[in-house]
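> coords below, sequence missing:
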């Protein structure tokens, strides 16, 4: 199999891959998307790319000698910037688009892999039945205190090794991270109102289950 050159362009938290024949170009544009659901709650999405594998160029960042099946380090987490304890979730949307940036509804979004090394503090829900695996929800189990940071919800993005040369030629991969937060006080009620889900919370305030 020929090696693939990946090219990354960064703005701040939206990632786009391109897979084209025997060459693949990896474009990562970051665009913070953090919604505040109550009062002066504030969160920030933070991205940390692997600088050892990425070389800065005048057009952004470039990764060389990667192939389908390789993992591209792209660590993403949430930080609480305000004074209140909160619960946070991140919706990650991923799908294929063509050269004109039109969504390819028949392309298999499950071949875009999100790698989470430590899943112990996240409830991860792949909305496969309703979204063809396009939307994955990450609920952080613990209340996030002032200045607190979550563990990484994503550590890497992987293009499935099942993709063969030419199968997704001229297609791009669109990935967007969208985080929001609710106050942890009366969190179950806030989650039902803001997120439309039922949370079960234990005596220590940790989320134990999420029901849509």
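In hand now; what should we look at? Every value quoted in this text rests on a predicted model; they were computed, and no experiment measured them. Residues are numbered from 1 along each chain as shown.
> isn't there a strand covering residue 192?
No. Under DSSP: H, G, I helix; E, B strand; the rest coil, residue 192 sits outside any strand and is assigned helix.
> Any idea how many residues pack against it?
When counting by other CB atoms under 10 Å, one arrives at 13 neighbours for residue 192. Backbone N, C-alpha and C define where each C-beta goes, glycine included.
> and it, what does it touch?
198-199 (CB atoms under 8 Å, 6 or more residues apart in numbering).
> And stretch 164-174, end to end?
19 Å (CA to CA, to the nearest Å).
> ah, wrong one, I meant stretch 142-159
Stretch 142-159 end-to-end distance (CA to CA) = 30 Å.
> Could you give the separation of it from the chain centroid?
10 Å (CA atoms, centre = their mean, to the nearest Å).
> Pull out the buried residues from it.
142-144, 148, 150-159 (16 or more other CB atoms under 10 Å).
> residues touching residue 191, list them.
87, 182, 197-199 are the contacts of residue 191 under CB under 8 Å, 6+ apart.
> Could you check how many residues crowd around residue 46?
17.
> cool, and residue 210?
By other CB under 10 Å, neighbour count at residue 210 equals 18.
> hmm, back to that, looking at the contacts of residue 191, which is nearest residue 109?
Using CB to CB, residue 197 comes nearest to residue 109 of those, at 21.6 Å.
> Output the lowest mean pLDDT helix or strand found in this structure.
strand 13-20 (a mean of 34; mean pLDDT, DSSP states H and E).
> After the host helix or strand of residue 157, which helix or strand is next?
Using DSSP states H and E, residue 157 sits in strand 154-159. Next along the chain after strand 154-159, taking DSSP H and E as the criterion, comes strand 171-183.
> okay, the buried residues of stretch 142-159 in CSV with pLDDT next?
CSV is the format used below for the buried residues of stretch 142-159 (pLDDT from 0 to 100):
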residue, pLDDT
142, 97
143, 96
144, 95
148, 96
150, 97
151, 98
152, 97
153, 96
154, 93
155, 94
156, 88
157, 82
158, 85
159, 80
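> low-scoring pLDDT stretches of the chain, where are they?
By pLDDT under 70, the weakly predicted segments of the chain are 1-41, 50-67, 131, 166, 169.
> my read: residue 207 touches residue 201, true?
Yes. With contact defined as CB atoms under 8 Å, residue 207 counts as touching residue 201 (5.7 Å).
> ok, residue 147 - contacts?
Counted by CB under 8 Å, 6+ apart, residue 147 has contacts 79-81.
> For residue 91, give its distance to residue 203.
Taking CB to CB, to the nearest Å as the measure, residue 91 falls 28 Å from residue 203.
> Pick out whichever of these two has more residues nearby.
Set residue 91 next to residue 203 and count neighbours by other CB under 10 Å: residue 91 wins out with 18 against 5.
> which element is that one on?
Assigned by DSSP H and E, residue 91 falls in strand 86-97.
> Tell me which strands the very next helix or strand once past that strand pairs with, and in which orientation.
Following strand 86-97 in sequence order, the next helix or strand is strand 112-115 (DSSP H and E). Strand 112-115 has its sheet partners listed here by DSSP bridges as strand 154-159 (antiparallel).
> what does the strand it pairs with rub up against?
Outside strand 154-159, the residues touching it (CB under 8 Å, 6+ apart) are 15, 17, 19, 24, 68-76, 92, 111-117, 173, 175, 177.
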